[in-house]
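Chemist: What shape does this take:
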Amino acid sequence: MIELENHTLRFSFPEVHREAHCHVSFIRTLRIPDDDRAYPLPPGFSRFPLTHVDDCAAELPDSWGRHGGVFLPMYQSEAMWLSFDADYPMALRIAAGKVSALTGEAWHDQLTEGPDQDYLVIPEQPWLDGFFAGKGLIRQFVAMPLGEGYTAEEQITGKGEHGGLQIAVYPMKAAEFERRKLGRYPAAGDVLYCADMSQPEIGLAPGGVMRQEIYEDPYGIGSWEQCAKSRCFVHILNSLQYFVVTHEKPPTQPPTAKDYTDAGLPWFEYYDAEHKALASPTKLSKLTSIAAMKAKERGSGLPNNEPVSPRNVVTLSKRGPVVREGDF
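Modeler: Below is the predicted model:
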């Protein structure tokens with residue numbers, strides 16, 4: 001079952017286990033400079049507002065009605081990251097334009113393990129900021145209109161058909177959860193796009209490079225209840241279209257990376273020594289970023305793309321349940 005609560009998606013599987021639920025939020029953030037330098041994690045500002053597709057069906061394409069799900073507004077070239085919250089382990093498949101954000105392969109319903117692992121495990125993976133681009137690196141999720149060739153979907157498939165985000169969630173098998181729980185086993189220049197509602201879909205394109213690890217499944221693929229998956233299609237409207245459809249103002253545009261950094265506000269590094277990061281390169285590592293494509297095709301740069309040098313970098317780390325006593 002999928003519920004919309006305070007602009008957050010709640011996935012629950014009461015038929016599997018009473019504790020089997022998780023939350024997925026879509027967070028507004030800085031667009032980091034797209035200059036092939038690896039940046040720390042940018043901050044989160046607020047959740048993107050989510051609206052039921054069925055609440056505005058008359059204003060939206062028929063295909064959206066078939067997909068169901070929710071939609072959110074983004075300015076062109078705005079960035080986002082996905083935040084995950086769960087106490088019960090879940091496997092999540094994330095796609096943009098029905099292309100896996102971890103492998104670049106086409107959407108399918110079953111999990112793939114091993115070097116080509118195409119899913120995240122939460123709560124071990126607290127967030128995802130972009131397309132996996134090799135060990136310890138991602139390219140930021142950045143909104144671009146379909147039809148101009150920038151999105152990962154178009155670069156990989158040659159077509160811009162789907163756009164948006166697709167999420168599938170698979171809970172851990174109840175017996176496996178109870179075994180581990182009771183035994184306490186360790187885990188093995190933004191411009192609004194034209195408000196033409198005949199072509200409303202927005203996709204996600206690869207932006208700047210960020211330091212972020214994607215962790216291997218510590219439990220094993222046999223731990224997941226793949227027959228109990230739940231799926232949600234997250235459509236994206238540009239902000240002007242969002243106003244036309246909902247009659248509500250979209251969020252204000254976020255500050256630029258330069259403005260944020262000049263103000264001395266913090267960036268972040270995340271460190272988790274308990275889990276091993278995926279290392280195998282994928283076809284996503286060969287994607288062309290928005291700035292590189294603009295420079296090559298149009299001879300123009302990406303607005304608000306000045307390099308920055310974050311000085312206030314806060315290190316976040318994941319610690320186990322044991323509290324160190326120390327001396328006193």
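
Chemist: Report the distance from the helix ranked longest in the chain to the chain centre.
Modeler: Of all the elements of type helix in the chain, the one with the most residues (DSSP state H) is helix 174-183. How far helix 174-183 lies from its chain's middle: 29 Å, per C-alpha atoms, centre = their mean, to the nearest Å.

Chemist: tell me which residues in it are buried?
Modeler: Within helix 174-183, the residues that qualify as buried are 174, 176-177, 180, counting by 16 or more other C-beta atoms under 10 Å. C-beta: built from backbone N, CA, C; applies to glycine.

Chemist: likewise stretch 87-102?
Modeler: Residues 88-102 are the ones in stretch 87-102 that count as buried (16+ other C-beta under 10 Å).

Chemist: out of the residues you listed, which are inside strands?
Modeler: For the buried residues of stretch 87-102, the ones inside strands are 90-96, 99-100, with DSSP state E as the criterion.

Chemist: Between these, which sits nearest residue 240?
Modeler: Looking at those and their distance to residue 240, the nearest is residue 96, at 21.6 Å (C-beta to C-beta).

Chemist: Would you map the strands across the stretch 1-150 of the chain?
Modeler: Residue ranges of the strands in the stretch 1-150 of the chain, as given by DSSP state E, counting those that start in this stretch, are 2-5, 8-12, 21-29, 38-39, 44-47, 51-52, 70-74, 79-86, 90-96, 99-100, 120-122, 127-128, 130-132, 137-145.

Chemist: Out of those strands, flag the one nearest residue 60.
Modeler: By C-beta to C-beta (comparing all of those), the closest turns out to be strand 70-74, at 7.6 Å.

Chemist: Go ahead and flag the most central residue of the protein.
Modeler: Closest residue to the average C-alpha location of the chain: residue 82 at 4.0 Å, with C-alpha atoms, centre = their mean.

Chemist: if we can go back for a sec, dump the strands of the stretch 1-150 of the chain to JSON lines, plus mean pLDDT and distance to residue 305.
Modeler: JSON lines is the format used below for the strands of the stretch 1-150 of the chain (pLDDT from 0 to 100; distance: least, C-beta to C-beta, whole Å):
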{"stretch": "strand 2-5", "mean pLDDT": "93", "distance to residue 305": "34"}
{"stretch": "strand 8-12", "mean pLDDT": "95", "distance to residue 305": "31"}
{"stretch": "strand 21-29", "mean pLDDT": "96", "distance to residue 305": "15"}
{"stretch": "strand 38-39", "mean pLDDT": "94", "distance to residue 305": "12"}
{"stretch": "strand 44-47", "mean pLDDT": "92", "distance to residue 305": "19"}
{"stretch": "strand 51-52", "mean pLDDT": "93", "distance to residue 305": "30"}
{"stretch": "strand 70-74", "mean pLDDT": "94", "distance to residue 305": "17"}
{"stretch": "strand 79-86", "mean pLDDT": "96", "distance to residue 305": "12"}
{"stretch": "strand 90-96", "mean pLDDT": "96", "distance to residue 305": "21"}
{"stretch": "strand 99-100", "mean pLDDT": "95", "distance to residue 305": "24"}
{"stretch": "strand 120-122", "mean pLDDT": "95", "distance to residue 305": "29"}
{"stretch": "strand 127-128", "mean pLDDT": "94", "distance to residue 305": "23"}
{"stretch": "strand 130-132", "mean pLDDT": "95", "distance to residue 305": "16"}
{"stretch": "strand 137-145", "mean pLDDT": "94", "distance to residue 305": "11"}
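
Chemist: Adding distance to residue 314 as columns, could you present those in a markdown table?
Modeler: Written out in a markdown table, the entries for the strands of the stretch 1-150 of the chain read as follows (distance: least, C-beta to C-beta, whole Å):
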| stretch | distance to residue 314 |
| --- | --- |
| strand 2-5 | 29 |
| strand 8-12 | 24 |
| strand 21-29 | 15 |
| strand 38-39 | 14 |
| strand 44-47 | 13 |
| strand 51-52 | 33 |
| strand 70-74 | 26 |
| strand 79-86 | 16 |
| strand 90-96 | 25 |
| strand 99-100 | 30 |
| strand 120-122 | 22 |
| strand 127-128 | 15 |
| strand 130-132 | 20 |
| strand 137-145 | 19 |
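
Chemist: which one of these lies closest to residue 211?
Modeler: Each of the strands of the stretch 1-150 of the chain was scored for nearness to residue 211 using C-beta to C-beta, and the closest is strand 38-39 (5.1 Å).

Chemist: The closest one pairs with which strands, and in what direction?
Modeler: The strands that strand 38-39 pairs with in its sheet are strand 202-211 (parallel) (by DSSP bridges).
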